[in-house]
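Chemist: pasting the structure only:
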């Protein structure tokens, strides 16, 4: 895997203000805005052909924009039907393959649901599926990080301990830390410098410095209930202490990518980048 040189900021998908709604125009517009990352949204399916992926790779490299991808939402590696698990695996593999062809770095996905089962059994099922995904990617020379995401609802697999443990046990796996999801999943906690230091220290203790040098981060404002995540909000319309979060990321010398998932994707990405650059540690 290639190393990321700094903490980059970008958008979840093509910026809203891009004059044309194509991936290539989106990458160019990201750079024109002063951002340096973009997440390809495969959320309803991998909608980029291999030929286009090669052109995307050239444009992203030329404009120094780091690419990540979000795999389709229809993934549950703990589905009761074997066919659904197999389809989920294929979706992650296809997302990773296309991102690799586009010169990208890291693919994120929601790994699955507990379905009222024993979390330890669910963990093992998801780990086994990821092991098979990892083997196929390695056999085919597809080198991207595969990233189970810290999810926003307690019914979804993917708390911090689970995704860190997967990352310990599997070579190509590292977490995606969605700080808004952590905040919603824990009913309003995970919103202070002290708690974020604890999270990053836990990652570094268990996974080493490599994890903090290669972080895939999602940030947005969030509305939540006792059941967890309800919907994403713009940062300044939410209770997220995002400025303190950026301070902690700088304090820990985190590198990688921060993807804005707010409704106003580029507005909040630029807000975070500007604030981050102003912070003195």
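Modeler: Received it, and whenever you're ready, just let me know what you need. Note that the structure is predicted; figures quoted are calculated from it, not measured.
Chemist: so where do the helices sit in the chain?
Modeler: Secondary structure of the chain, counting by DSSP state H: helices at 23-33, 50-62, 82-101, 119-139, 160-169, 179-185, 193-207, 209-213, 242-251, 265-278.
Chemist: looking at these, which is buried most?
Modeler: Highest mean neighbour count of the helices of the chain: helix 179-185, a mean of 26 (counted as mean count of other C-beta atoms under 10 Å). Placement of C-beta: from N, CA and C, glycine included.
Chemist: Just the mean pLDDT for that helix, thanks.
Modeler: Averaged across helix 179-185, the pLDDT comes to 98.
Chemist: sorry, back to before: wait, which of the helices of the chain is closest to residue 72?
Modeler: helix 82-101 (4.7 Å; C-beta to C-beta).
Chemist: now the helices of the chain in TSV, with distance to residue 234?
Modeler: Formatted as TSV, the helices of the chain follow (distance: least, C-beta to C-beta, whole Å):
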stretch	distance to residue 234
helix 23-33	17
helix 50-62	27
helix 82-101	27
helix 119-139	32
helix 160-169	25
helix 179-185	11
helix 193-207	20
helix 209-213	27
helix 242-251	10
helix 265-278	6
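Chemist: how about those, which one is nearest residue 258?
Modeler: Distance to residue 258, taken as C-beta to C-beta, is lowest for helix 265-278 among these, at 6.1 Å.
Chemist: Residue 257 is nearest to which of the helices of the chain?
Modeler: Among these, helix 265-278 sits nearest to residue 257 (C-beta to C-beta), with 10.5 Å.
Chemist: Just give me how far the closest one sits from the chain centre.
Modeler: 17 Å (C-alpha atoms, centre = their mean, to the nearest Å).
Chemist: Residues contacting that helix, please?
Modeler: For helix 265-278, contacts defined as C-beta atoms under 8 Å, 6 or more residues apart in numbering pick out 7, 9-13, 15-17, 30, 33-35, 219-221, 234-236, 242-243, 246, 249-250, 258-260, 262.
Chemist: Kindly recompute the last result at 7 Å.
Modeler: 7, 9-13, 15-17, 33-35, 219-220, 234-235, 242-243, 246, 250, 258, 260, 262 (C-beta atoms under 7 Å, 6 or more residues apart in numbering).
Chemist: before we move on, what about stretch 201-208?
Modeler: For stretch 201-208, using C-beta under 7 Å, 6+ apart, the contacting residues are 160, 164, 167, 168, 211, 212.
Chemist: Apply 6 Å and report the result again.
Modeler: Stretch 201-208 is contacted from outside by 164, 167, 168, 211, 212, using C-beta atoms under 6 Å, 6 or more residues apart in numbering.
Chemist: if you skip the residues just before and after it, what's nearest to the fourth one?
Modeler: Nearest non-adjacent residue to residue 211, counting by C-beta to C-beta, 6 or more residues apart in numbering: residue 203, 4.8 Å away.
Chemist: what about the one you found, distance to residue 77?
Modeler: 22 Å (C-beta to C-beta, to the nearest Å).
Chemist: now residue 103
Modeler: Remark: distance between residue 103 and residue 77 (C-beta to C-beta) = 27 Å.
Chemist: re the thing from before, I'd like to know which of the contacts of helix 265-278 are buried.
Modeler: Neighbour counting by 16 or more other C-beta atoms under 10 Å classes 7, 9-13, 15, 33, 35, 219-220, 234-235, 242, 246, 250, 258, 260, 262 among those as buried.
Chemist: In strands, which of those residues fall?
Modeler: Under the assignment DSSP state E, these contribute 7, 9, 10, 11, 12, 219, 258, 260 to strands.
Chemist: Quickly list what the residue nearest to the third one when sequence neighbours are not counted is bridged to.
Modeler: Of all residues beyond its chain neighbours, the one nearest residue 10 is residue 37 (2.8 Å), with distances taken as C-beta to C-beta, 6+ apart. Note on residue 37: beta-bridge partners by DSSP bridges are residue 10, residue 66.
Chemist: Quick check: residue 37 vs residue 30, distance?
Modeler: 7 Å.
Chemist: again with residue 275
Modeler: According to C-beta to C-beta, residue 275 stands 18 Å off from residue 30.
Chemist: for residue 64, same thing?
Modeler: According to C-beta to C-beta, residue 64 and residue 30 sit 10 Å apart.
Chemist: likewise residue 65?
Modeler: 5 Å.
Chemist: overlap in contacts of those two?
Modeler: Common contacts of residue 65 and residue 30 (C-beta under 6 Å, 6+ apart): residue 38.
Chemist: Right, I'll leave it there.
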